[in-house]
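Engineer: Fold the following.
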Amino acid sequence: MTRDFQYLPLRHVAAVKNSNVDKLSLPGESPVRLCNYVDVYRNDRITQAVSFMRASATPSEIASFKLRLGDVLITKDSELWNDIGVPALVATEADDLVCGYHLTMLRPHPSKIMGSYLAYALRVPEVALQLHLAAKGVTRYGLSQQGIKSAQVPVPLLEEQGLIVRYLDHTELRIAKVIAAKQDVVRLLREARLAMISETVLSGNGTAVERKESGVPGVGSVPAHWRIRRAKYVWRAVDVRSVTGTEERLTVSSASGIVPRSSKNVTMFEAATYVGHKVAQPNDLVINSLWAWAGGLGVSNHHGLVSPVYGVYRLRDVAQCDPEFMHNLLRSNACQWQFQVRSKGIWRSRLSITDEAFFDMPLPLPPLDEQQSIAAMIRKQTANVDKAIASVLDEISLLKEYRTRLISDVVTGKLDVREEAAKLSEIDPMELANVAVGENSDDEEATDDE
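Structural biologist: Next comes the predicted model:
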């Protein structure tokens with residue numbers, strides 16, 4: 001049965017306001033929690049579970065951009081045109097919770113459209129494409145208010161919107177639970193992988209040899225012929241800056257180390273220019289000082305750009321150190337503990353390690369041929385685990401694709417769910433918010449600090 005609905009411009013169903021609240025904390029302004037670009041980009045729903053940034057705002061900014069239940073936020077600026085218009089439904093409110101810069105706040109007119117329905121409608125590819133095409137730019141894309149206001153969305157009667165939301169909420173809950181379970185499997189597999197690496201990287205090449213106490217907290221005993229050397233004798237800091245800003249952009253992943261940003265779906269708005277960003281070359285160690293304790297580091301296999309706030313380090317003697325071994329060693333549990341205890345600041349928030357603290361870190365080093373042998377052993381041990389992780393991630397990707405297609409079919413009227421939805425009970429919004437998985441959420445966490 002064909003639905004009776006009309007397409008209306010966003011300006012007819014919601015107030016549209018681009019936020020100008022920046023990330024600064026200035027004297028004389030009121031402290032606020034800021035809902036930022038990344039919060040919207042990675043979450044379908046904005047709840048108190050999001051780790052909001054602390055900043056400040058003027059009374060007029062707070063009055064204009066304080067979030068209310070049922071508001072919908074969309075991304076306004078991005079590196080890629082198809083990252084424009086990513087929506088998130090505001091499922092919480094507080095006096096100090098404010099919409100941040102690079103976002104547009106849509107406040108639905110309650111007599112015309114429900115915020116929960118609008119959030120689903122904006123996830124329909126045919127609707128999102130209008131915002132993508134309205135984005136202007138060459139190396140950076142942005143949406144004007146006119147471009148947002150002119151985008152057309154399907155708008156049925158309010159009663160039907162409620163039925164659609166109820167049906168999609170039930171479907172979303174089921175799919176989100178399956179995705180969450182699969183993400184738990186991925187986490188367990190990665191923990192097992194890290195345990196393999198942590199044991200092998202300190203055990204030697206498998207032959208029975210005399211061992212000695214390393215004297216390094218968290219490391220324990222190592223083969224007696226291994227040396228213990230401070231990181232400053234193994235690595236040196238380098239600071240090469242990009243002149244053109246055109247090199248491949250790299251990101252730090254907590255699960256893999258240094259990878260191209262494009263491979264991790266990390267394309268949200270970052271810097272106005274990449275001129276002056278640091279350049280890392282293959283075999284360089286890159287450390288995000290704020291997230292080193294959580295795996296925010298790795299030896300790169302790529303040539304490209306990293307954040308100017310990252311540390312980049314180069315081996316002093318490539319004839320004595322195997323880069324693959326060093327990558328595994330520095331990301332092992334023993335070295336992660338070292339990064340944790342040597343970092344200073346607020347736990348799990350702004351915990352940072354300095355160059356001096358890193359350089360003072362003692363590293364157990366076998367001879368080069370043994371380093372290479374250990375690296376090969378780790379590669380072999382983790383191959384099957386890597387295949388299993390990749391398989392589960394493919395399943396998660398297919399589930400997300402199915403969810404997007406279903407939303408599109410229901411919202412555009414290709415699938416009439418009114419009769420079935422009328423039989424369903426209302427879902428507690430917090431139950432859905434607690435398991436919801438954003439379309440752009442990444443199962444391999446990127447630890448950028450742009």
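Engineer: Any idea how far the helix-or-strand element of the chain with minimal mean pLDDT is from the middle of the chain?
Structural biologist: Lowest on mean pLDDT, DSSP states H and E among the helices and strands of the chain sits helix 429-435, with a mean of 72. Offset of helix 429-435 from its chain centre (CA atoms, centre = their mean, to the nearest Å): 20 Å.
Engineer: Next, the buried residues of that helix.
Structural biologist: 429, 432-433, 435 (16 or more other CB atoms under 10 Å). Every C-beta, even on glycine, is put in place using the N, C-alpha and C of the backbone.
Engineer: Please apply the same query to stretch 330-342.
Structural biologist: Neighbour-count burial for stretch 330-342 flags 330-336, 338-339, 342 (criterion: 16+ other CB under 10 Å).
Engineer: Secondary structure and pLDDT for those - can I get that in CSV?
Structural biologist: CSV is the format used below for the buried residues of stretch 330-342 (DSSP: H, G, I helix; E, B strand; the rest coil; pLDDT from 0 to 100):
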residue, secondary structure, pLDDT
330, helix, 96
331, coil, 95
332, coil, 94
333, helix, 93
334, helix, 92
335, helix, 93
336, helix, 92
338, helix, 92
339, helix, 92
342, helix, 92
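Engineer: Could you export those as JSON lines, including distance to residue 189?
Structural biologist: Below are those laid out as JSON lines (distance: CB to CB, whole Å):
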{"residue": "330", "distance to residue 189": "21"}
{"residue": "331", "distance to residue 189": "16"}
{"residue": "332", "distance to residue 189": "17"}
{"residue": "333", "distance to residue 189": "16"}
{"residue": "334", "distance to residue 189": "21"}
{"residue": "335", "distance to residue 189": "21"}
{"residue": "336", "distance to residue 189": "18"}
{"residue": "338", "distance to residue 189": "25"}
{"residue": "339", "distance to residue 189": "23"}
{"residue": "342", "distance to residue 189": "29"}
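Engineer: Closest one of those to residue 256?
Structural biologist: Looking at the buried residues of stretch 330-342 and their distance to residue 256, the nearest is residue 331, at 9.2 Å (CB to CB).
Engineer: List the contacts of the least confident helix or strand of the chain.
Structural biologist: 45, 47, 49, 91-92, 169, 172-173, 176-177, 180 (CB atoms under 8 Å, 6 or more residues apart in numbering).
Engineer: In ChimeraX, select just the buried ones from those.
Structural biologist: To isolate the buried subset of the contacts of helix 429-435 in ChimeraX, counting by 16+ other CB under 10 Å, use the following:
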select :45,47,91,92,169,172,173,176
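Engineer: how about the contacts of helix 429-435, which pair is most distant?
Structural biologist: The distance between the two most remote of the contacts of helix 429-435 (CB to CB) is 20.9 Å, for 92 and 177.
Engineer: taking the mean pLDDT, what do you get for stretch 13-31?
Structural biologist: Mean per-residue pLDDT for stretch 13-31: 92.
Engineer: oh sorry, the question was meant for stretch 180-199
Structural biologist: 95.
Engineer: what's the answer for stretch 302-311, then?
Structural biologist: Per-residue scores along stretch 302-311 average to 93.
Engineer: Next: stretch 403-410.
Structural biologist: For stretch 403-410, mean pLDDT is 95.
Engineer: Kindly export that stretch (C-alpha atoms) in PDB.
Structural biologist: Presented in PDB, the C-alpha positions along stretch 403-410 are these (Å, rounded to 0.1, in the frame of the first residue of the first chain):
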ATOM      1  CA  ARG A 403      20.100  -1.400   8.500                       C
ATOM      2  CA  THR A 404      20.600   1.600   6.100                       C
ATOM      3  CA  ARG A 405      18.700  -0.100   3.300                       C
ATOM      4  CA  LEU A 406      15.800  -1.000   5.700                       C
ATOM      5  CA  ILE A 407      15.600   2.600   7.000                       C
ATOM      6  CA  SER A 408      15.500   3.900   3.500                       C
ATOM      7  CA  ASP A 409      12.700   1.500   2.400                       C
ATOM      8  CA  VAL A 410      10.600   2.300   5.400                       C
END
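Engineer: Could you give me the buried positions within that stretch?
Structural biologist: For stretch 403-410, the neighbour count (16+ other CB under 10 Å) marks 403, 406-408, 410 as buried.
Engineer: out of those residues, what pair is the most spread apart?
Structural biologist: 403 and 410 (10.9 Å).
Engineer: what do those two both touch?
Structural biologist: Counting by CB under 8 Å, 6+ apart, residue 403 and residue 410 have no common neighbour.
Engineer: follow-up on the earlier one: any chance of a markdown table for the contacts of helix 429-435, columns distance to residue 73?
Structural biologist: Shown next, in a markdown table, are the contacts of helix 429-435 (distance: CB to CB, whole Å):
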| residue | distance to residue 73 |
| --- | --- |
| 45 | 10 |
| 47 | 13 |
| 49 | 16 |
| 91 | 11 |
| 92 | 12 |
| 169 | 19 |
| 172 | 18 |
| 173 | 22 |
| 176 | 20 |
| 177 | 25 |
| 180 | 23 |
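Engineer: Among the contacts of helix 429-435, which one lies nearest to residue 414?
Structural biologist: residue 172 (17.9 Å).
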